[in-house]
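Asker: can't give you the sequence, but here's the structure:
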Ligand code: GDP
């Protein structure tokens, strides 16, 4: 947990060829736009505005790197699923994301953020399908869990778990999360720290 709190902005990248090389170990965060990804990163790092840097208009297609220490990075991937996106931007997004997820050697695991009220949308499945063949770990945060009753949240958790177990994503785990109520932080931190330690 404490190492996340030392996160500082490192760099933004808009093209696969500009990805920094030989950085060490990375954990990436992805999610539909508005799912709560920035809030989750800020909650996990205990920083109010860290990930919101990336929300400046015009910077939304960028990959943002946050440095934890000399060889560890959290990577904020561009949000996806905007209703009206020109096809050129969509193609740019697809290439940037698919290249990064499929070929990034230093990437240890993917944290996929989903609004608990709208899990497993087609673009979320697309992300799973790009990343799962690498065999690397995926952890889903069903965020905004505070928006549902405890019972309803647990039903969704079970449904998503069942889907993952019965599909082709055996390396995928899932948990409840709420940035608003600061719940699920410890469980998520344990998973992410485990990936970062696994050098
Ligand atoms: P992003 O586009 O995925 O980075 O999403 P944001 O982190 O900007 O969040 C989108 C909206 O959802 C904002 O209005 C947040 O305040 C809200 N939000 C994010 N996380 C939570 C949460 O855990 N609970 C609730 N109730 N709202 C949240």
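Answerer: Yep, it's here. No experiment lies behind these values; they were computed from the predicted model shown.

Asker: what residue of this structure is the furthest out?
Answerer: Ranking residues of the chain by C-alpha distance from their mean position (CA atoms, centre = their mean) puts residue 151 at the top, at 25.3 Å.

Asker: so who does residue 120 touch?
Answerer: Contacts for residue 120 were tallied using CB atoms under 8 Å, 6 or more residues apart in numbering; they are 114, 160, 163. For the C-beta atoms, the positions are set from N, CA and C on the backbone; glycine is no exception.

Asker: between those residues, which is nearest the ligand?
Answerer: If you rank the contacts of residue 120 by distance to the ligand using CB to the nearest ligand atom, residue 114 comes first, at 9.8 Å.

Asker: ok, that closest one touching residue 34?
Answerer: No: checked against CB atoms under 8 Å, the pair residue 114 and residue 34 is beyond contact range at 11.1 Å.

Asker: tell me the strands beside the longest strand anywhere in the chain, with direction?
Answerer: Counting residues, the longest strand in the chain under DSSP state E turns out to be strand 107-115. Taking DSSP bridges as the criterion, strand 107-115 sits next to strand 25-31 (parallel), strand 137-143 (parallel) in its sheet.

Asker: let's have those in CSV, adding mean neighbour count, mean pLDDT and distance to the ligand.
Answerer: Written out in CSV, the entries for the strands paired with strand 107-115 read as follows (neighbours: other CB atoms under 10 Å; pLDDT from 0 to 100; distance: least, CB to the nearest ligand atom, whole Å):
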stretch, mean neighbour count, mean pLDDT, distance to the ligand
strand 25-31, 23, 96, 5
strand 137-143, 24, 98, 5
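
Asker: pLDDT weak spots in the chain?
Answerer: Using pLDDT under 70 as the threshold, the predicted model of the chain has low-confidence ranges 1-2, 51-60, 198-199.

Asker: mind listing the strands for it?
Answerer: Remark: strands assigned in the chain by DSSP E are 8-13, 25-31, 63-69, 72-76, 107-115, 137-143, 172-176.

Asker: so which of these is nearest residue 99?
Answerer: The stretch from the strands of the chain with the least distance to residue 99 (CB to CB) is strand 63-69; that distance is 10.3 Å.

Asker: the closest one vs strand 72-76, what angle?
Answerer: For strand 63-69 against strand 72-76, the angle between stretch directions is 150 degrees (axes from the mean of the first three to the mean of the last three CA atoms, to 10 degrees).

Asker: what's the neighbour count on residue 89?
Answerer: Applying other CB atoms under 10 Å, we find 14 residues neighbouring residue 89.

Asker: now do it against residue 147, distance only.
Answerer: 29 Å (CB to CB, to the nearest Å).

Asker: skipping its backbone neighbours, what lies nearest residue 6 in space?
Answerer: Once flanking residues are discounted, residue 6 sits nearest to residue 68: 6.1 Å by CB to CB, 6 or more residues apart in numbering.
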